[in-house]
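Student: Next input, structure requested:
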Amino acid sequence: MEAVSGIILFLMAVGVYIVCSVYLLRNPLILHKKKRLEFYCRHISHRGGNGEKIESTIEGFTNAVNMGTEMLEMDCHLTLDGYVVVSHDENILRQTGYDKTLSSLRFKDLPLYKEKLEVTFYVGHYSSGKDRRFALLEDVFKKFPNMPMILEIKEDNGLLIKKVSSLVKQYGRDGITIWASEESKIMDNCQKENPHMPYMFTIWRGAVLLLLFYTGLLPFVPLGESLLLFYLPRIINRTYIPEEAILKKRFVVYLLQKLTMRKSLLEHLVKRGIQVQLLVCNEESDMAAAFSMGATGVMTDYPTLLSNYLEKHPPPLPPTVY
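Tutor: Predicted structure coming up:
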């Protein structure tokens, strides 16, 4: 009899836990204060919209802004003489044809980009432009002082992180510049250097987020991140061919889709003031899929295409105060 009573009590406790978890998942502001960011961006340009102009150049960023983008995404590296340059790769072979690293070259010795570059997330498509020079991060800040930007740090370089933070502070951009990195150790160092900048989920923190969601613990746990940046799984092995062998398996991509693209999860994050951006959407059908899942923003290599899509299919208006 005692065993039966114990089972009944256990089942009652589990039932109460599930009910509370589901209710708080839908109503997170009961426990958490909503994040109030200085930006709300639905239109994000990947590498400055590198499907239309050469990636990460001033011309590319200018084109994206002129076409209506609300946020620029870019990666930062350090040259031999200490300049912070905008470049996706540290080794510039893909971009220039020279098998050199940015950290081994002075800024004035950097070669030009190739005349044509394949768009990484749209295989078989190429971009070109008049501007083929590597851009300084400071010049991007000067050119677009009020434009929100995502700055990805790919290497655990203390001097790079310090110089990026210094430039952000110098130009008064703490609230509209986002720390980005896939690696938690790098992100920790970025946060220590400048804790006033919003930051995104790393791969590890994204895995923790999913674990919290599927165990029902997410509504009870505080989150420091302000941005969830994630691939739209349906583009993998279609417009984007990954290097990782595991991602070339159809079942893995299917599983990734089922595990991550949970509308209730994305809606919960948005209610807590965390913006959700899905990438890299280079076809209208992918843009539609991203917004239908509850993304607050879409990242693309084609800013003109995304602007045209948003004009034809405007998503719900953002909250008055985000």
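Student: For the stretch 1-150 of the chain, just list every one of the strands.
Tutor: Taking DSSP state E, counting those that start in this stretch as the criterion, the stretch 1-150 of the chain contains strands spanning 43-45, 71-78, 84-86, 117-118, 126-127, 135-136, 149-153.
Student: wait, isn't Leu256 in contact with Pro233?
Tutor: Yes. Taking CB atoms under 8 Å as the contact criterion, Leu256 and Pro233 are neighbours in contact, 4.7 Å apart. (C-beta placed from N, C-alpha, C; glycine too.)
Student: which one of those two has more residues nearby?
Tutor: A side-by-side neighbour count of Leu256 and Pro233, using other CB atoms under 10 Å, places Pro233 first with 20 against 16.
Student: shouldn't the more buried one be in contact with Arg262?
Tutor: No. If you go by CB under 8 Å, Pro233 and Arg262 don't touch, sitting 11.9 Å apart.
Student: Tell me the secondary structure of the closest residue to Leu279 other than its chain neighbours, please.
Tutor: Once flanking residues are discounted, Leu279 sits nearest to Met299: 3.7 Å by CB to CB, 6 or more residues apart in numbering. Met299 falls in the strand class when you classify it by DSSP: H, G, I helix; E, B strand; the rest coil.
Student: Give the bridge partners for Met299, please.
Tutor: Residues found in beta-bridge contact with Met299 (criterion: DSSP bridges) are Ile44.
Student: tally of neighbours for it?
Tutor: For Met299, the neighbour count with other CB under 10 Å is 29.
Student: wait, what's in contact with Val221?
Tutor: Applying CB atoms under 8 Å, 6 or more residues apart in numbering to Val221 gives the contacts Leu212.
Student: and it, backbone torsions?
Tutor: Main-chain dihedrals, Val221, degrees, to the nearest 10: phi -110, psi 130.
Student: do the same with Glu70
Tutor: Torsion angles, degrees, to the nearest 10, at Glu70: phi -110, psi -10.
Student: if I look at the residue nearest to it when sequence neighbours are not counted, how far off is Val253?
Tutor: Leaving out its chain neighbours, the residue that sits closest to Glu70 by CB to CB, 6+ apart is Cys41, at 4.1 Å. Remark: distance between Cys41 and Val253 (CB to CB, to the nearest Å) = 27 Å.
Student: ok, the two, which is more surrounded?
Tutor: Cys41 (24 against 20).
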